[in-house]
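[1] 3D model of this:
(2 chains)
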Amino acid sequence: MSSGRRSRQSSGSSRITDDQIIELVSKLRQLVPEIRERRSDRVSASKVLQETCNYIRNLHREVDDLSERLSQLLATIDADSAEAAIIRSLITQ
Amino acid sequence: MNLQSSSSNPNFLKLRFTKGFLRALMRIYRHRSKSSSSPREISQRYRRIKLAADASMALAVGSRRLWSRAVLWRIRNQVRNRHVFVKRVSSHAIKKRAQKKKEEQYHLAYDDQENKLRKLVPGGAAMDICSLLDEASHYINCLTTQVKMMRRIAEICS
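    Just a heads-up that it's a prediction; the model follows:
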């Protein structure tokens, strides 16, 4: 890993080692909406990082929205249907 | 529990997360007061639910990952700081070394996007670039599972 860092500091173009490229490619596959639709083999590393950041931010926002929604639902739900909902969701795993 | 304990088995993770999260939800539900629909209560409950969701996922992953360890460490420190002052052993040297490593990682970043990613992934500030990418991909997988299960629970409860 230290050799990778040294090459990053010295040369401008070959800054990323093979391991990092493999990681980036596997990340590429995970980024569902943006890059998979692009269908180009040469997506820049900067673009991958940028889309990753956007995707994580979106997921955080979804967690916030769902927590808010659950908080309001818990106020209005009654005990019996809460238990039933719990059991049902556990069964339908 | 007799389950396949492979860390990459998605159903195992889903089950562990859902069990812990539902248990926390029931706890929060039982402790609600008479004025459970007041906006202040709703916002307080929102914070507790969000914390329960993040904690349940980090617990489901356990200490297998750097990001989950960072989340659990952060939660435990929040609880601790709320109570008595805890005497820290040899804190100064450790803090200096961690700070120096963080600054190094930020300075050597490939570009600014990398630093932004470090801020988004828990514990990402002190990781090297390979670990950062690896942890980020696992973190994204777990976040999508978390969102999926939370959405399912919300649909069932509504």
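[2] all contacts plus neighbour counts: C-alpha atoms, from now on.
    OK.
[3] any idea which residue of chain B is furthest from its center?
    residue B:34 (30.7 Å; Cα atoms, centre = their mean).
[4] which residues touch residue 68?
    With no chain named, the answer covers chain A. Contacts for residue A:68 were tallied using Cα atoms under 8 Å, 6 or more residues apart in numbering or on different chains; they are B:42-43, B:46.
[5] my bad, chain B
    Contacts of residue B:68 by Cα under 8 Å, 6+ apart are B:58-59, B:61-62, B:122.
[6] mind redoing it with 6 Å?
    Counting by Cα atoms under 6 Å, 6 or more residues apart in numbering or on different chains, residue B:68 makes contact with residue B:58.
[7] Next: residue B:154.
    Counting by Cα under 6 Å, 6+ apart, residue B:154 has contacts residue A:70.
[8] any idea how far residue A:63 is from it?
    12 Å (Cα to Cα, to the nearest Å).
[9] And for residue B:63?
    22 Å.
[10] between the two, which one's more packed in?
    residue A:63 (23 against 14; other Cα atoms under 10 Å in any protein chain shown).
[11] tell me which element that one falls in.
    Taking DSSP states H and E as the criterion, the element that holds residue A:63 is helix A:45-76.
[12] Now do the buried residues in that helix.
    A:45, A:48-56, A:59-60, A:62-75 (16 or more other Cα atoms under 10 Å in any protein chain shown).
[13] do stretch B:104-123 as well
    So, applying 16+ other Cα under 10 Å, buried residues of stretch B:104-123: B:105-106, B:109-110, B:113-118, B:120-123.
[14] For it, output the C-alpha coordinates as CSV.
    Listed next in CSV are the C-alpha coordinates belonging to stretch B:104-123 (Å, rounded to 0.1, in the frame of the first residue of the first chain):
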residue,chain,number,x,y,z
GLU,B,104,-2.4,12.6,5.9
GLN,B,105,-5.4,10.9,4.3
TYR,B,106,-7.1,14.2,3.5
HIS,B,107,-3.8,15.6,2.1
LEU,B,108,-3.1,12.6,-0.1
ALA,B,109,-6.6,12.4,-1.5
TYR,B,110,-6.9,11.7,-5.2
ASP,B,111,-9.4,14.5,-5.5
ASP,B,112,-11.9,16.3,-3.4
GLN,B,113,-14.6,13.7,-4.0
GLU,B,114,-12.5,11.3,-2.0
ASN,B,115,-12.6,13.6,1.0
LYS,B,116,-16.3,14.0,0.6
LEU,B,117,-16.7,10.2,0.6
ARG,B,118,-14.5,10.0,3.7
LYS,B,119,-17.0,12.2,5.5
LEU,B,120,-20.0,10.1,4.4
VAL,B,121,-18.7,6.7,5.4
PRO,B,122,-18.4,6.2,9.1
GLY,B,123,-14.8,6.1,10.2
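[15] and stretch B:27-35, C-alpha only, in PDB?
    As requested, the backbone C-alpha atoms of stretch B:27-35 are provided in PDB (Å, rounded to 0.1, in the frame of the first residue of the first chain):
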ATOM      1  CA  ARG B  27     -39.800  -0.500  23.100                       C
ATOM      2  CA  ILE B  28     -40.200   3.000  21.700                       C
ATOM      3  CA  TYR B  29     -43.900   2.300  21.100                       C
ATOM      4  CA  ARG B  30     -44.500   1.100  24.600                       C
ATOM      5  CA  HIS B  31     -42.900   4.100  26.100                       C
ATOM      6  CA  ARG B  32     -45.000   6.600  24.300                       C
ATOM      7  CA  SER B  33     -46.900   9.100  26.500                       C
ATOM      8  CA  LYS B  34     -50.500  10.300  26.300                       C
ATOM      9  CA  SER B  35     -49.600  13.200  24.100                       C
END
